[in-house]
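Visitor: Could you look at this predicted model? Sequence included:
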Amino acid sequence: MASGICVFAEHWNQELSPAFFELITAAWELKEKTQEPIQVLLAAAQPETLMTQMKGLPIDAIYAVKLPREICFQEERLARVYSEMLKEISPSVLLVPASDQGRSIFPRVAYRLGAGMTADCTELEIRKREDGSHGLRQIKPSFEANVKVCIECKTGIYPQIATLREGVCEAWQLDGKERDIPVIWMDGSLEEEVLVELLEVLPPAAEAGSLQAADVVVVGGRGALEKDNFQLLRKLAGQLGAAVGGTRPVMDMGEVPFENQIGQTGCTIRPKICLSFGVSGAVQHTEGIKNTALYIAVNTAEDAPIFQVADYAVNADMRPILEELLTLLKERQD
Ligand SMILES: Cc1cc2nc3c(=O)[nH]c(=O)nc-3n(C[C@H](O)[C@H](O)[C@H](O)COP(=O)(O)OP(=O)(O)OC[C@H]3O[C@@H](n4cnc5c(N)ncnc54)[C@H](O)[C@@H]3O)c2cc1C
(Lines give C-alpha, C1' and ligand atoms only; values in the text may rest on other atoms or scores of the structure.)
Protein backbone atom coordinates (compact mmCIF):
# COMPACT_ATOMS: atom_id res chain seq x y z
CA MET A 1 0.00 0.00 0.00
CA ALA A 2 1.16 3.55 -0.67
CA SER A 3 2.97 5.00 2.33
CA GLY A 4 4.88 8.16 3.16
CA ILE A 5 4.37 11.90 3.25
CA CYS A 6 6.32 13.20 0.31
CA VAL A 7 7.39 16.84 0.08
CA PHE A 8 8.33 18.46 -3.21
CA ALA A 9 11.69 20.20 -2.87
CA GLU A 10 10.99 23.37 -4.78
CA HIS A 11 14.13 25.26 -5.66
CA TRP A 12 15.27 28.15 -7.76
CA ASN A 13 18.74 29.37 -8.52
CA GLN A 14 20.36 26.68 -6.29
CA GLU A 15 18.26 27.63 -3.25
CA LEU A 16 15.39 25.72 -1.68
CA SER A 17 12.31 27.92 -1.61
CA PRO A 18 11.12 29.18 1.81
CA ALA A 19 7.85 27.31 1.13
CA PHE A 20 9.73 23.99 1.30
CA PHE A 21 10.50 24.58 4.99
CA GLU A 22 6.82 25.33 5.65
CA LEU A 23 5.83 22.08 3.95
CA ILE A 24 8.21 20.20 6.25
CA THR A 25 6.24 21.57 9.23
CA ALA A 26 2.98 20.49 7.55
CA ALA A 27 4.45 17.03 6.83
CA TRP A 28 5.58 16.70 10.45
CA GLU A 29 2.08 17.49 11.71
CA LEU A 30 0.68 14.78 9.43
CA LYS A 31 3.40 12.33 10.47
CA GLU A 32 2.42 12.75 14.10
CA LYS A 33 -0.99 11.35 13.14
CA THR A 34 -0.04 8.67 10.61
CA GLN A 35 3.52 7.69 11.66
CA GLU A 36 4.40 7.55 7.97
CA PRO A 37 7.91 8.65 6.97
CA ILE A 38 8.66 12.09 5.54
CA GLN A 39 10.17 11.76 2.07
CA VAL A 40 11.62 14.47 -0.14
CA LEU A 41 11.19 14.59 -3.91
CA LEU A 42 14.25 16.29 -5.39
CA ALA A 43 15.34 16.72 -9.00
CA ALA A 44 18.09 19.21 -9.80
CA ALA A 45 21.31 19.63 -11.72
CA GLN A 46 23.17 20.01 -8.42
CA PRO A 47 21.06 18.16 -5.87
CA GLU A 48 23.98 17.93 -3.42
CA THR A 49 23.91 21.74 -2.93
CA LEU A 50 20.24 21.57 -2.04
CA MET A 51 20.72 18.57 0.24
CA THR A 52 23.14 20.57 2.40
CA GLN A 53 20.31 23.09 2.93
CA MET A 54 18.15 20.25 4.34
CA LYS A 55 20.54 19.57 7.21
CA GLY A 56 18.76 19.20 10.54
CA LEU A 57 15.28 18.79 9.02
CA PRO A 58 13.14 15.85 10.21
CA ILE A 59 13.33 14.04 6.86
CA ASP A 60 13.38 10.23 6.73
CA ALA A 61 14.60 9.89 3.12
CA ILE A 62 15.54 12.02 0.15
CA TYR A 63 14.64 10.61 -3.26
CA ALA A 64 16.92 12.37 -5.70
CA VAL A 65 17.48 12.64 -9.40
CA LYS A 66 20.52 14.39 -10.84
CA LEU A 67 19.38 16.16 -13.99
CA PRO A 68 21.86 16.62 -16.84
CA ARG A 69 21.26 20.37 -16.53
CA GLU A 70 18.84 22.71 -14.77
CA ILE A 71 15.46 22.56 -16.50
CA CYS A 72 13.50 25.77 -16.17
CA PHE A 73 10.09 26.66 -17.51
CA GLN A 74 9.58 23.21 -19.04
CA GLU A 75 6.78 21.95 -16.91
CA GLU A 76 5.88 19.06 -19.17
CA ARG A 77 9.37 17.58 -18.96
CA LEU A 78 9.63 18.11 -15.21
CA ALA A 79 6.19 16.58 -14.74
CA ARG A 80 7.49 13.50 -16.53
CA VAL A 81 10.53 13.24 -14.24
CA TYR A 82 8.53 13.70 -11.04
CA SER A 83 5.79 11.29 -12.17
CA GLU A 84 8.31 8.53 -12.80
CA MET A 85 9.92 9.15 -9.41
CA LEU A 86 6.57 9.09 -7.64
CA LYS A 87 5.59 5.81 -9.28
CA GLU A 88 8.61 4.24 -7.57
CA ILE A 89 8.33 6.06 -4.23
CA SER A 90 4.58 5.42 -3.99
CA PRO A 91 3.76 7.90 -1.19
CA SER A 92 0.27 8.21 0.23
CA VAL A 93 0.49 12.01 0.39
CA LEU A 94 2.35 14.55 -1.72
CA LEU A 95 2.69 18.14 -0.48
CA VAL A 96 3.52 20.90 -2.93
CA PRO A 97 3.67 24.69 -2.46
CA ALA A 98 0.85 26.63 -4.12
CA SER A 99 3.49 28.54 -6.05
CA ASP A 100 3.87 29.10 -9.78
CA GLN A 101 5.98 25.94 -10.10
CA GLY A 102 3.65 23.88 -7.92
CA ARG A 103 0.53 25.07 -9.70
CA SER A 104 2.00 24.41 -13.10
CA ILE A 105 3.87 21.11 -12.70
CA PHE A 106 1.70 19.08 -10.35
CA PRO A 107 -1.68 19.09 -12.10
CA ARG A 108 0.27 17.44 -14.95
CA VAL A 109 1.79 14.98 -12.48
CA ALA A 110 -1.66 14.22 -11.03
CA TYR A 111 -2.99 13.58 -14.53
CA ARG A 112 -0.08 11.26 -15.36
CA LEU A 113 -0.58 9.30 -12.13
CA GLY A 114 -4.36 9.24 -12.31
CA ALA A 115 -4.34 10.87 -8.88
CA GLY A 116 -6.42 13.62 -7.33
CA MET A 117 -5.10 17.08 -6.51
CA THR A 118 -6.50 19.94 -4.47
CA ALA A 119 -4.99 23.34 -5.16
CA ASP A 120 -4.51 26.16 -2.66
CA CYS A 121 -5.24 24.33 0.60
CA THR A 122 -5.17 26.33 3.81
CA GLU A 123 -5.58 23.40 6.21
CA LEU A 124 -4.83 19.68 6.13
CA GLU A 125 -6.27 17.00 8.39
CA ILE A 126 -6.07 13.22 8.57
CA ARG A 127 -9.09 10.95 8.74
CA LYS A 128 -8.67 7.29 9.55
CA ARG A 129 -10.70 5.28 7.05
CA GLU A 130 -12.55 2.05 7.66
CA ASP A 131 -9.87 0.03 5.81
CA GLY A 132 -7.19 1.49 8.12
CA SER A 133 -5.73 3.84 5.51
CA HIS A 134 -5.32 7.57 6.10
CA GLY A 135 -7.48 9.96 4.13
CA LEU A 136 -6.06 13.45 3.64
CA ARG A 137 -8.76 16.05 4.23
CA GLN A 138 -7.77 18.96 2.02
CA ILE A 139 -9.45 22.15 3.16
CA LYS A 140 -9.56 25.30 1.05
CA PRO A 141 -11.62 28.46 0.64
CA SER A 142 -13.97 28.31 -2.30
CA PHE A 143 -16.77 30.25 -4.01
CA GLU A 144 -14.82 33.51 -3.69
CA ALA A 145 -13.71 32.48 -0.19
CA ASN A 146 -17.28 32.56 1.08
CA VAL A 147 -17.21 28.88 2.05
CA LYS A 148 -14.57 26.40 3.10
CA VAL A 149 -14.64 23.10 1.29
CA CYS A 150 -13.11 19.85 2.43
CA ILE A 151 -11.94 17.51 -0.31
CA GLU A 152 -10.81 13.93 0.13
CA CYS A 153 -9.55 11.54 -2.54
CA LYS A 154 -11.37 8.25 -3.04
CA THR A 155 -9.95 5.31 -1.12
CA GLY A 156 -7.15 3.66 -3.07
CA ILE A 157 -6.23 6.76 -5.11
CA TYR A 158 -2.60 7.75 -4.44
CA PRO A 159 -0.79 9.97 -3.96
CA GLN A 160 -3.24 12.38 -2.41
CA ILE A 161 -1.77 15.61 -3.79
CA ALA A 162 -2.31 18.98 -2.12
CA THR A 163 -0.78 22.33 -2.92
CA LEU A 164 -0.53 24.34 0.27
CA ARG A 165 -0.68 28.12 0.34
CA GLU A 166 2.52 29.79 1.38
CA GLY A 167 2.35 31.23 4.86
CA VAL A 168 -0.31 28.90 6.29
CA CYS A 169 2.36 26.93 8.20
CA GLU A 170 5.39 28.28 9.98
CA ALA A 171 8.72 27.28 8.51
CA TRP A 172 10.31 24.34 10.37
CA GLN A 173 12.36 25.66 13.29
CA LEU A 174 15.67 23.83 13.53
CA ASP A 175 15.86 22.08 16.91
CA GLY A 176 19.60 21.42 16.87
CA LYS A 177 19.13 17.63 16.47
CA GLU A 178 21.64 15.90 14.21
CA ARG A 179 19.81 13.85 11.62
CA ASP A 180 21.33 11.44 9.18
CA ILE A 181 19.15 11.57 6.08
CA PRO A 182 19.44 8.59 3.71
CA VAL A 183 19.56 9.49 0.02
CA ILE A 184 18.02 7.21 -2.58
CA TRP A 185 19.33 8.04 -6.05
CA MET A 186 16.94 7.49 -8.93
CA ASP A 187 17.22 7.57 -12.69
CA GLY A 188 16.02 10.77 -14.32
CA SER A 189 17.08 10.41 -17.91
CA LEU A 190 15.61 12.95 -20.33
CA GLU A 191 15.76 13.38 -24.03
CA GLU A 192 18.53 15.84 -24.67
CA GLU A 193 16.66 18.32 -26.83
CA VAL A 194 16.99 21.77 -25.22
CA LEU A 195 13.67 23.56 -25.45
CA VAL A 196 14.33 26.57 -23.20
CA GLU A 197 17.67 27.97 -22.19
CA LEU A 198 18.02 30.14 -19.10
CA LEU A 199 20.12 33.17 -19.99
CA GLU A 200 19.92 35.34 -16.90
CA VAL A 201 18.20 35.55 -13.52
CA LEU A 202 17.08 39.09 -12.70
CA PRO A 203 16.44 40.21 -9.10
CA PRO A 204 12.80 40.97 -8.23
CA ALA A 205 11.59 44.56 -7.66
CA ALA A 206 12.91 45.84 -4.30
CA GLU A 207 9.57 45.58 -2.50
CA ALA A 208 8.33 42.37 -4.11
CA GLY A 209 7.87 39.41 -1.83
CA SER A 210 9.14 41.20 1.29
CA LEU A 211 6.00 40.30 3.26
CA GLN A 212 6.47 36.61 3.98
CA ALA A 213 9.35 36.97 6.41
CA ALA A 214 8.37 40.35 7.91
CA ASP A 215 7.57 40.64 11.63
CA VAL A 216 5.71 43.90 11.07
CA VAL A 217 3.51 44.64 8.07
CA VAL A 218 1.72 47.86 7.18
CA VAL A 219 -1.21 47.29 4.82
CA GLY A 220 -2.92 49.91 2.70
CA GLY A 221 -6.40 49.51 1.28
CA ARG A 222 -8.31 51.53 -1.30
CA GLY A 223 -9.01 54.09 1.43
CA ALA A 224 -5.29 54.90 1.49
CA LEU A 225 -5.19 55.82 -2.19
CA GLU A 226 -6.53 59.32 -1.52
CA LYS A 227 -4.12 62.27 -1.57
CA ASP A 228 -0.61 61.21 -0.56
CA ASN A 229 -1.82 58.89 2.21
CA PHE A 230 -0.01 55.91 0.72
CA GLN A 231 3.24 57.84 0.78
CA LEU A 232 2.73 58.56 4.49
CA LEU A 233 1.92 54.90 5.06
CA ARG A 234 5.13 53.89 3.28
CA LYS A 235 7.08 56.39 5.38
CA LEU A 236 5.62 54.86 8.54
CA ALA A 237 6.58 51.39 7.35
CA GLY A 238 10.12 52.63 6.69
CA GLN A 239 10.38 54.07 10.23
CA LEU A 240 9.08 50.82 11.73
CA GLY A 241 11.24 48.58 9.55
CA ALA A 242 8.00 47.04 8.27
CA ALA A 243 7.04 45.54 4.92
CA VAL A 244 4.25 47.15 2.88
CA GLY A 245 1.29 45.12 1.66
CA GLY A 246 -1.93 46.01 -0.08
CA THR A 247 -5.40 44.83 -0.95
CA ARG A 248 -6.31 43.83 -4.48
CA PRO A 249 -7.57 47.27 -5.59
CA VAL A 250 -4.29 48.75 -4.36
CA MET A 251 -2.35 46.19 -6.37
CA ASP A 252 -4.61 46.85 -9.38
CA MET A 253 -3.75 50.54 -9.14
CA GLY A 254 -0.04 49.61 -9.25
CA GLU A 255 0.69 50.92 -5.74
CA VAL A 256 2.18 47.54 -4.65
CA PRO A 257 3.49 44.67 -6.79
CA PHE A 258 1.36 41.53 -7.15
CA GLU A 259 3.70 39.66 -4.76
CA ASN A 260 2.63 42.07 -2.01
CA GLN A 261 -1.12 41.66 -2.48
CA ILE A 262 -2.59 39.95 0.55
CA GLY A 263 -5.56 37.62 0.38
CA GLN A 264 -7.17 34.76 -1.45
CA THR A 265 -5.57 35.54 -4.80
CA GLY A 266 -2.46 37.05 -3.23
CA CYS A 267 -0.31 35.85 -0.36
CA THR A 268 -0.87 34.77 3.24
CA ILE A 269 1.12 36.60 5.89
CA ARG A 270 1.89 35.69 9.51
CA PRO A 271 3.58 38.74 11.06
CA LYS A 272 3.74 39.57 14.78
CA ILE A 273 2.06 42.92 14.15
CA CYS A 274 -0.05 44.13 11.26
CA LEU A 275 -1.35 47.70 10.92
CA SER A 276 -3.96 48.34 8.27
CA PHE A 277 -5.21 51.66 6.92
CA GLY A 278 -8.34 51.97 4.79
CA VAL A 279 -8.94 48.23 4.40
CA SER A 280 -12.64 47.27 4.47
CA GLY A 281 -12.05 43.64 5.46
CA ALA A 282 -13.58 41.65 2.59
CA VAL A 283 -13.34 37.93 3.27
CA GLN A 284 -11.11 37.48 0.19
CA HIS A 285 -8.61 39.78 1.91
CA THR A 286 -8.90 38.57 5.51
CA GLU A 287 -8.19 35.00 4.35
CA GLY A 288 -4.58 36.17 4.02
CA ILE A 289 -4.21 37.80 7.45
CA LYS A 290 -5.75 35.26 9.79
CA ASN A 291 -2.38 34.10 11.14
CA THR A 292 -1.37 37.61 12.27
CA ALA A 293 -0.59 37.72 15.99
CA LEU A 294 -1.73 41.31 16.62
CA TYR A 295 -3.91 43.22 14.16
CA ILE A 296 -4.66 46.94 14.36
CA ALA A 297 -7.12 48.41 11.84
CA VAL A 298 -7.80 52.06 11.08
CA ASN A 299 -11.01 52.77 9.19
CA THR A 300 -13.52 55.64 9.02
CA ALA A 301 -16.53 53.31 8.72
CA GLU A 302 -17.83 52.29 12.12
CA ASP A 303 -19.24 49.05 10.74
CA ALA A 304 -16.24 48.08 8.58
CA PRO A 305 -15.98 44.24 8.60
CA ILE A 306 -12.24 44.55 9.31
CA PHE A 307 -13.15 45.53 12.87
CA GLN A 308 -14.61 42.04 13.36
CA VAL A 309 -11.18 40.46 12.90
CA ALA A 310 -8.97 43.24 14.36
CA ASP A 311 -7.56 43.08 17.89
CA TYR A 312 -7.63 46.89 18.03
CA ALA A 313 -10.14 48.90 16.00
CA VAL A 314 -9.40 52.57 15.40
CA ASN A 315 -12.51 54.22 13.97
CA ALA A 316 -10.93 57.34 12.49
CA ASP A 317 -9.54 59.03 9.42
CA MET A 318 -6.11 57.57 8.75
CA ARG A 319 -4.38 60.84 7.92
CA PRO A 320 -4.11 62.41 11.40
CA ILE A 321 -3.24 58.95 12.78
CA LEU A 322 -0.40 58.48 10.29
CA GLU A 323 0.87 62.02 10.93
CA GLU A 324 0.74 61.54 14.69
CA LEU A 325 2.56 58.20 14.54
CA LEU A 326 5.28 59.71 12.34
CA THR A 327 5.70 62.65 14.75
CA LEU A 328 5.93 60.27 17.72
CA LEU A 329 8.54 58.12 15.98
CA LYS A 330 10.54 61.21 15.01
CA GLU A 331 10.46 62.50 18.60
CA ARG A 332 11.74 59.14 19.80
CA GLN A 333 14.60 59.29 17.30
CA ASP A 334 15.65 62.89 18.20
C1 LIG B 1 -12.40 35.94 -6.58
C2 LIG B 1 -11.95 37.15 -5.84
C3 LIG B 1 -10.70 37.15 -5.26
C4 LIG B 1 -10.23 38.26 -4.56
N5 LIG B 1 -9.00 38.24 -4.00
C6 LIG B 1 -8.60 39.27 -3.24
C7 LIG B 1 -7.34 39.25 -2.58
O8 LIG B 1 -6.54 38.33 -2.69
N9 LIG B 1 -7.02 40.30 -1.80
C10 LIG B 1 -7.85 41.40 -1.64
O11 LIG B 1 -7.48 42.31 -0.91
N12 LIG B 1 -9.02 41.44 -2.28
C13 LIG B 1 -9.41 40.43 -3.07
N14 LIG B 1 -10.61 40.51 -3.72
C15 LIG B 1 -11.37 41.77 -3.66
C16 LIG B 1 -12.18 41.89 -2.37
O17 LIG B 1 -13.43 41.28 -2.53
C18 LIG B 1 -12.40 43.38 -2.00
O19 LIG B 1 -13.02 44.03 -3.08
C20 LIG B 1 -11.13 44.12 -1.64
O21 LIG B 1 -10.40 43.41 -0.66
C22 LIG B 1 -11.46 45.50 -1.11
O23 LIG B 1 -10.29 46.22 -0.96
P24 LIG B 1 -10.17 47.45 0.01
O25 LIG B 1 -10.53 47.05 1.39
O26 LIG B 1 -8.85 48.07 -0.23
O27 LIG B 1 -11.23 48.48 -0.60
P28 LIG B 1 -12.68 48.91 -0.19
O29 LIG B 1 -13.56 47.73 0.02
O30 LIG B 1 -13.11 49.93 -1.16
O31 LIG B 1 -12.50 49.58 1.25
C32 LIG B 1 -11.89 50.80 1.48
C33 LIG B 1 -12.04 51.10 2.97
O34 LIG B 1 -11.32 52.28 3.29
C35 LIG B 1 -12.03 53.00 4.26
N36 LIG B 1 -11.57 54.39 4.18
C37 LIG B 1 -11.78 55.28 3.15
N38 LIG B 1 -11.15 56.44 3.42
C39 LIG B 1 -10.53 56.28 4.61
C40 LIG B 1 -9.70 57.12 5.41
N41 LIG B 1 -9.38 58.35 5.04
N42 LIG B 1 -9.23 56.65 6.60
C43 LIG B 1 -9.55 55.39 7.02
N44 LIG B 1 -10.33 54.55 6.29
C45 LIG B 1 -10.79 54.99 5.11
C46 LIG B 1 -13.49 52.81 3.87
O47 LIG B 1 -14.35 53.01 4.98
C48 LIG B 1 -13.49 51.36 3.39
O49 LIG B 1 -13.84 50.47 4.44
C50 LIG B 1 -11.07 39.40 -4.43
C51 LIG B 1 -12.36 39.39 -5.00
C52 LIG B 1 -12.78 38.29 -5.71
C53 LIG B 1 -14.16 38.30 -6.31
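Guide: Nice, thanks for sending it over. Note that the structure is a prediction, hence the values are computed from the model and not measured.

Visitor: Quick check: closest non-adjacent residue to residue 57.
Guide: Nearest in space to residue 57, with sequence neighbours left out and distances taken as Cβ to Cβ, 6 or more residues apart in numbering, is residue 24 at 5.4 Å. In short, each C-beta sits where N, CA and C put it, glycine included.

Visitor: Just say helix, strand or coil for that neighbour.
Guide: Each residue gets one of three states, and residue 24 gets helix by DSSP: H, G, I helix; E, B strand; the rest coil.

Visitor: Show me which residues of the stretch 201-334 of the chain are close to the ligand?
Guide: Among all residues of the stretch 201-334 of the chain, those adjacent to the ligand (criterion: Cβ under 6 Å from any ligand atom) are 221-223, 247-250, 261-266, 278-280, 282, 284-285, 298-301, 304, 317-318.

Visitor: give me the low-pLDDT residue ranges for the stretch 201-334 of the chain?
Guide: Along the stretch 201-334 of the chain, the model assigns pLDDT under 70 to residues 205-206, 208-209.

Visitor: Then the stretch 51-200 of the chain?
Guide: Along the stretch 51-200 of the chain, the model assigns pLDDT under 70 to residues 190-194.

Visitor: Among the residues of the stretch 201-334 of the chain next to the ligand, which lie within helices?
Guide: Among these, the subset assigned to helices under DSSP state H consists of 248-250, 284-285, 318.

Visitor: Return the members of the residues you listed classed as buried.
Guide: Burial by neighbour count, 16 or more other Cβ atoms under 10 Å: within those this picks out 248-250, 284-285, 318.

Visitor: follow-up on the earlier one: mind listing what the residue nearest to residue 57 touches?
Guide: The contact partners of residue 24, by Cβ atoms under 8 Å, 6 or more residues apart in numbering, come to 7, 38, 57-59, 171-172.

Visitor: And for residue 3?
Guide: Contact criterion Cβ under 8 Å, 6+ apart gives 36-37, 90-92 as the residues in contact with residue 3.

Visitor: Which of those residues fall within strands?
Guide: Of the contacts of residue 3, none are assigned to strands by DSSP state E.

Visitor: which of the residues you listed has the most neighbours?
Guide: With neighbours set by other Cβ atoms under 10 Å, the maximum within those is found at residue 91, which has 23 neighbours.

Visitor: which residues touch that one?
Guide: For residue 91, the contacting residues are 2-6, 39, 158-159, by Cβ under 8 Å, 6+ apart.

Visitor: please redo it, this time with the cut-off set to 7 Å
Guide: When contacts are counted by Cβ atoms under 7 Å, 6 or more residues apart in numbering, residue 91 is found next to 2-6, 39, 159.

Visitor: for the ones in helices among the residues of the stretch 201-334 of the chain next to the ligand, which one is nearest residue 227?
Guide: When those are ranked by distance to residue 227 (Cβ to Cβ), residue 318 comes first, at 10.3 Å.

Visitor: Which residue, neighbours along the chain excluded, lies closest to that closest one?
Guide: Nearest residue to residue 318, sequence neighbours excluded (Cβ to Cβ, 6+ apart): residue 277, at 4.3 Å.

Visitor: before we move on, back to that, need the contacts of residue 24 in a markdown table with secondary structure and neighbour count, can you?
Guide: Conversion of these to a markdown table gives the following (DSSP: H, G, I helix; E, B strand; the rest coil; neighbours: other Cβ atoms under 10 Å):
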| residue | secondary structure | neighbour count |
| --- | --- | --- |
| 7 | strand | 29 |
| 38 | strand | 24 |
| 57 | coil | 23 |
| 58 | coil | 17 |
| 59 | coil | 22 |
| 171 | coil | 17 |
| 172 | coil | 19 |
